[in-house]
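J.: From the sequence below, what's the structure:
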Amino acid sequence: MKIRNQSAASKIEIPMAPMIDVVFQLLIFFMLTLKIVEPEGDFDINMPIGAPAQSAVTDADLPPFKVRMEAEPGSGQLRQLYFNGNPLGTGEGAFQLLNSEVLKGVNALKATGPGNLDKQEVEIDPDYGLNYEFIISAISACSGKMVDGKMVRYISRIKFAPIRDKQE
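T.: Model (predicted):
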């Protein structure tokens, strides 16, 4: 018995075209089944860009609720929290008071008309050295409240005042 060309039998060629087809099909499958998760804490916040323009006009017809936060020099702790110029104090109780004051304002806006609530903004004006935890607490207090595991949204338009100069 004669064995044919042994060198050709030892070299097996793998067809690449079907392998490429399978790879592309897997790639398309995984792209189509990917579920994108929304990031946690998605706030509608407008950050200032440098110095504000002189002719900048907001689309809100109502004056914004103003939240002023003063910091203790050096430590960054909250010295005083103000809502529309009224002092609310410090600590967790101040943010609960802020939440109730915003709710009062929201209820007053609902009484004037349903369209006014969508136009209302909150302007947060923190000191330069204030710790971020207090700014996040103010955003949470103005945004709404958790009731029975559900978020009750008060205001979704939150913006920041122009940055104050660092005081040494």
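
J.: Secondary structure class of the residue nearest to F83 when sequence neighbours are not counted, three-state.
T.: Using CB to CB, 6 or more residues apart in numbering and skipping residues adjacent in sequence, the residue nearest F83 is E101, 4.8 Å away. Quick note: C-beta positions are derived from backbone N, CA and C, even for glycine. Assigned state for E101: helix (three-state reduction, DSSP: H, G, I helix; E, B strand; the rest coil).

J.: got it, and the one 4 residues further on?
T.: Going by three-state DSSP, the secondary structure assigned to G105 is helix.

J.: And for V152?
T.: Of the three states, V152 takes strand under three-state DSSP.

J.: For it, name its beta-bridge partners.
T.: Counting by DSSP bridges, V152 forms beta bridges with K145.

J.: burial measure for it, as a count.
T.: V152 sits with 12 neighbouring residues when counted by other CB atoms under 10 Å.

J.: try D125
T.: 16.

J.: That one against A161, yeah?
T.: Yes. Using CB atoms under 8 Å, D125 is in contact with A161, at 3.7 Å.

J.: what pLDDT does the residue nearest to F83 get?
T.: You'll see E101 listed with a pLDDT of 89.

J.: So it versus I20, what's the distance?
T.: Noted for E101: a distance of 64 Å to I20, by CB to CB, to the nearest Å.

J.: Among these two, which residue is more densely surrounded?
T.: Neighbours were tallied for E101 and for I20 using other CB under 10 Å; the higher tally belongs to E101 (18 against 10).

J.: tell me the contacts of the more buried one?
T.: F83, N84, N86, L88 (CB atoms under 8 Å, 6 or more residues apart in numbering).

J.: so which of the residues you listed is the most crowded?
T.: Busiest of the contacts of E101 [other CB under 10 Å] is F83, holding 24 neighbours.
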